[in-house]
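# Could you look at this predicted model? Sequence included:
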Amino acid sequence: MLYLALMTVAPTAIADAARILREGGLVAFPTETVYGLGADATDDRAVARIFAAKGRPSFNPLIVHVPDLAAAEAVVEFNALARRLAARFWPGPLTLVLPRKAGVSLLVSAGLDTVAVRVPADDTAQALLRAAGRPIAAPSANASGTISATTAAHVADSLGGKVDMILDGGPAARGIESTVIGFARGPTMLRLGAVARGDIEAITGKLHDPQGIEGSPGRLESHYAPNKPLRLNATDARPGEALLGFGTNVTATSNLSPSGDLIEAAANLFAMLRELDAGDAVSIAVAPIPQDGLGEAINDRLTRAARR
Ligand code: TXA
Ligand code: MG
């Protein structure tokens, strides 16, 4: 089902969109930067559907959208500097990457201990977030490898049949993505965007450049790595190993999807890896995952995790 709710979004359309989100569906919605492809950030399966719809070759960590600072404080752990940035730039095109609290799907941040949060300024986005009543994960609403969508028509062209609803709030005011700031090693510019560096540095002082797990200039490559060694394409568990299965595999310690459903496997991936990492086994073996659909993204993350 796909329908467009036309400009000056009606309250009934907002209510419909909020219901779709609460039921685990996908809604594309305008923000002041670019259109977002939203799903309930607390629902692993709904988040997995975002990646399936975008056709992403890998799981990039997503931004969680909330209506205000209080809602953001429920999702992540703030520090004093982050609070000052929020006070100055929210609602607006600034994203803050902070330590996660419980509640948001691990798939949202691709297994990382941090979550990116933002309070958008757009009226439709605000109305939707308040009506949904839960944090909404949303990457830019374009197919992977294409430019961000700034109108509802762009979204329909790029993702048309793959979303349940598109809210049309007219062209995005800024047309450029939010600025992303991290704090792991002091205030760091993770992505240049709609808030200028100088405006942020007026509050933070000179920003660091990203490095290591938080990313590198030009290409953010944050990824989750377990503490235990990971062995891929395993057909059985060796002594001391826990086996993470896929499909019909009776000996698996945990199974990403007994029915072989790649969306379910993506939804379970990071939670199960963490569980096995925290368990008694010395190392983790992972069954082969088919390389189609979300399997490509799952294998990409597993390969990175295995490299450590
Ligand atoms: O303006 C925007 O930010 C738009 C609208 C829809 O809000 N969203 C957007 O999302 O551009 P996306 O998924 O296309 O880009 C998210 C960026 C990526 O560069 C990602 O690496 C970074 O945020 N990011 C998200 N979570 C992160 C985390 N936990 N650590 C480091 N970087 C993170
Ligand atoms: Mg994007």
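On my side now, so go ahead. Ligands and ions are numbered 1, 2, ... in the order given.
# What's the local residue count around the nearest residue to R231 once chain neighbours are set aside?
Distances taken as C-beta to C-beta, 6 or more residues apart in numbering place A285 nearest to R231, at 4.6 Å, with adjacent residues excluded. Where C-beta positions appear, they are placed from N, C-alpha and C, glycine not excepted. A285 has 24 neighbours, counted by other C-beta atoms under 10 Å.
# show me what contacts A285?
A285 sits next to L230, R231, A234, D236, A237, R238, E241, A242, L243, L244 when contact means C-beta atoms under 8 Å, 6 or more residues apart in numbering.
# Next SSE downstream of whatever helix or strand it lives in?
Assigned by DSSP states H and E, A285 falls within strand 283-286. Going down the chain from strand 283-286, the next helix or strand is helix 295-307, by DSSP H and E.
# what packs against that following helix?
Judged by 3 or more C-beta pairs under 8 Å, 6 or more residues apart in numbering; DSSP states H and E, the packing partners of helix 295-307 are strand 230-231, helix 262-278.
# could you redo the last one with a cut-off of 10 Å?
Judged by 3 or more C-beta pairs under 10 Å, 6 or more residues apart in numbering; DSSP states H and E, helix 295-307 is in contact with helix 44-54, strand 230-231, helix 262-278, strand 283-286.
# Tabulate the ones you listed (CSV), appending distance to ligand 1.
Listed next are the helices and strands packed on helix 295-307 as CSV, based on distance: least, C-beta to the nearest ligand atom, whole Å:
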stretch, distance to ligand 1
helix 44-54, 9
strand 230-231, 21
helix 262-278, 12
strand 283-286, 23
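# any chance of the ones you listed in a markdown table, with mean pLDDT and distance to R22 too?
Output for the helices and strands packed on helix 295-307, formatted as a markdown table (pLDDT from 0 to 100; distance: least, C-beta to C-beta, whole Å):
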| stretch | mean pLDDT | distance to R22 |
| --- | --- | --- |
| helix 44-54 | 95 | 9 |
| strand 230-231 | 96 | 35 |
| helix 262-278 | 91 | 17 |
| strand 283-286 | 97 | 33 |
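# need those in TSV with distance to A15, can you?
Output for the helices and strands packed on helix 295-307, formatted as TSV (distance: least, C-beta to C-beta, whole Å):
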stretch	distance to A15
helix 44-54	18
strand 230-231	45
helix 262-278	26
strand 283-286	42
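# Name only those of the contacts of A285 that count as buried.
L230, A234, A237, E241, A242, L243, L244 (16 or more other C-beta atoms under 10 Å).
# between the contacts of A285, which is closest to ligand 1?
Of all the contacts of A285, ligand 1 sits closest to L230, with 20.8 Å by C-beta to the nearest ligand atom.
# And the closest residue to that closest one other than its chain neighbours, what's its pLDDT?
Spatial nearest neighbour of L230, excluding adjacent residues (C-beta to C-beta, 6+ apart): A306 at 4.1 Å. Listed pLDDT for A306 reads 90.
# where's A306 relative to ligand 1, distance?
20 Å (C-beta to the nearest ligand atom, to the nearest Å).
# my guess is that residue meets A225, correct?
Yes: A306 lies in contact with A225 (C-beta atoms under 10 Å); the separation is 8.7 Å.
# Show me which residues of this structure sit near ligand 1.
Contact residues, the chain versus ligand 1 (C-beta under 6 Å from any ligand atom): 31, 33-34, 36, 60-63, 93, 95, 97, 109, 112, 114-116, 118, 138-140, 177-178, 180, 182, 190-191, 214, 220, 222.
# Make a ChimeraX selection of the buried ones in those.
In ChimeraX syntax, the buried subset of these is picked out as below (16+ other C-beta under 10 Å):
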select :31,33,34,36,60,61,62,63,93,95,97,109,112,114,115,116,118,138,139,140,177,178,180,182,190,191,214,220,222
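# Which parts of the stretch 151-300 of the chain are strands?
Secondary structure of the stretch 151-300 of the chain (DSSP state E, counting those that start in this stretch): strands at 165-167, 179-182, 188-191, 230-231, 241-245, 254-255, 283-286.
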